[in-house]
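Visitor: Provide a 3D model corresponding to the input given below.
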Amino acid sequence: MTAPTLALSQIDIGGVATTVIDTGTPGGQHGTPVLLLHGSGPGVTATANWRPVIPALSAGRRVIAPDQLGFGGTATGEQRTYGRGAWTEHALALLDTLGAAPVDIIGNSMGGAIALSIAAARPATVRRIVLMGSMGVAMALPPGLDAVWSYTPGMEQMRAVIGLFAHNRELITDELVELRYRASLDAPVRDSWAAMFPAPRQRWVDDLALPGAELAAIAAPVLMVHGRDDQVVPWRDSSARLLGLLPDSRLHVLSGCGHWTMIERTADFLAVVQPFLGG
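Guide: Take a look at the predicted model:
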């Protein structure tokens, strides 16, 4: 398989210049486009989160992966309101602008909560959902997530954050730490991040949690993939609870894996995700 070029473009979404990867085969053999929503780690971008899986996912379908509001190339550093409502509205406006709906959605962590929020807000937009280490349900602020959201720029601080994300210590290279650290130093990214998750941080977990009635009304089939050793969003606090609240759901737990399922266990991730999306 030839890896696609992850070319970045910028499009205006509600007055915000939004950086997006838009690749793959529109109207390909699998038909439905897939929207990839990254998580909320410092210095994160769509490219950093999704590079390992985009080649396989885009082989037969269109793949859309934005830098979400306040992150990466979409960060402006301007004063604005963040949270579930803002991220959901931005993602829906992106799909409207690109004319991409209906879509399948793969959401990582915070992006999983936004995937569920999109399905609750506009059911006809979403065919199937994959959640990875997802938020979206009421829970106490996990200590690992608190540590991630309290990040302030520094090499050792970024090393500690990546250490929480990855169970496989071989992934925590100096090159990766420096890359994510440099990304977090970009002035618009830095200023947007500083405004995003101020203490007390339990309120941001609460904001990203959908009420039980909203979860129960989501008709789209949901596949949850979660690392058993996730220190950021523990699976028993999130995916296990979602399993009992979502009408059509299934859960795949990977041992020896942390929060970065698609990076640490790419082949295993694709082995369960691709048949589900092909259904």
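
Visitor: quick one: residue 114 and residue 107 touch, right?
Guide: Yes: with contacts counted by CB atoms under 8 Å, residue 114 reaches residue 107, the gap being 6.0 Å. C-beta coordinates here come from the backbone N, C-alpha and C atoms, glycine included.

Visitor: what residues do the two have in common as contacts?
Guide: With contacts taken as CB atoms under 8 Å, 6 or more residues apart in numbering, the residues that reach both residue 114 and residue 107 are residue 37.

Visitor: And the two? Which one has more around it.
Guide: Taking other CB atoms under 10 Å, residue 114 and residue 107 do not tie; residue 114 has more neighbours (31 against 27).

Visitor: Got the phi and psi for residue 35?
Guide: Main-chain torsions, residue 35, degrees, to the nearest 10: phi -100, psi 130.

Visitor: Quick check: the gap between it and residue 153.
Guide: 30 Å (CB to CB, to the nearest Å).

Visitor: For the two, work out which one has more neighbours and name it.
Guide: Per other CB under 10 Å, whichever of residue 35 and residue 153 has more neighbours is residue 35, with 28 against 17.

Visitor: Now for the more buried one: which residues touch it?
Guide: Residues near residue 35 by CB under 8 Å, 6+ apart: 64, 65, 91, 95, 100, 103, 104, 105, 106, 115.

Visitor: got CSV for these, with pLDDT too?
Guide: CSV is the format used below for these (pLDDT from 0 to 100):
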residue, pLDDT
64, 97
65, 98
91, 98
95, 97
100, 89
103, 97
104, 98
105, 98
106, 98
115, 98
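
Visitor: Report the buried residues of the strand or helix carrying residue 184.
Guide: Residue 184 belongs to helix 174-185 when elements are defined using DSSP states H and E. Residues 176, 177, 180, 181, 183, 184 are the ones in helix 174-185 that count as buried (16 or more other CB atoms under 10 Å).

Visitor: quick one, what contacts the last one?
Guide: When you say that, I think you mean residue 184. Residue 184 sits next to 42, 43, 151, 153, 158, 190, 193 when contact means CB under 8 Å, 6+ apart.

Visitor: switch to 7 Å and redo it
Guide: Each residue near residue 184 by CB atoms under 7 Å, 6 or more residues apart in numbering is listed here: 42, 43, 153, 158, 190, 193.

Visitor: which element is residue 251 on?
Guide: Residue 251 is part of strand 249-254, with elements assigned from DSSP H and E.

Visitor: CA atoms of that strand as PDB?
Guide: Backbone C-alpha positions of strand 249-254 (Å, rounded to 0.1, in the frame of the first residue of the first chain) are rendered in PDB as follows:
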ATOM      1  CA  SER A 249     -21.900  -0.900  21.800                       C
ATOM      2  CA  ARG A 250     -18.900  -3.300  22.100                       C
ATOM      3  CA  LEU A 251     -15.600  -3.000  23.900                       C
ATOM      4  CA  HIS A 252     -12.100  -4.300  22.900                       C
ATOM      5  CA  VAL A 253      -9.500  -4.000  25.600                       C
ATOM      6  CA  LEU A 254      -5.800  -4.300  24.800                       C
END
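
Visitor: Which parts of the protein are helices?
Guide: 46-50, 54-57, 84-98, 110-121, 143-149, 155-165, 174-185, 187-196, 202-208, 212-216, 239-243, 261-264, 266-277 (DSSP state H).

Visitor: any idea how far the first one is from the chain center?
Guide: For helix 46-50, the distance from its own C-alpha centre to the chain's C-alpha centre is 9 Å (CA atoms, centre = their mean, to the nearest Å).

Visitor: hmm, who's touching that helix?
Guide: 6, 21, 36, 38, 39, 65, 66, 67, 72, 108.
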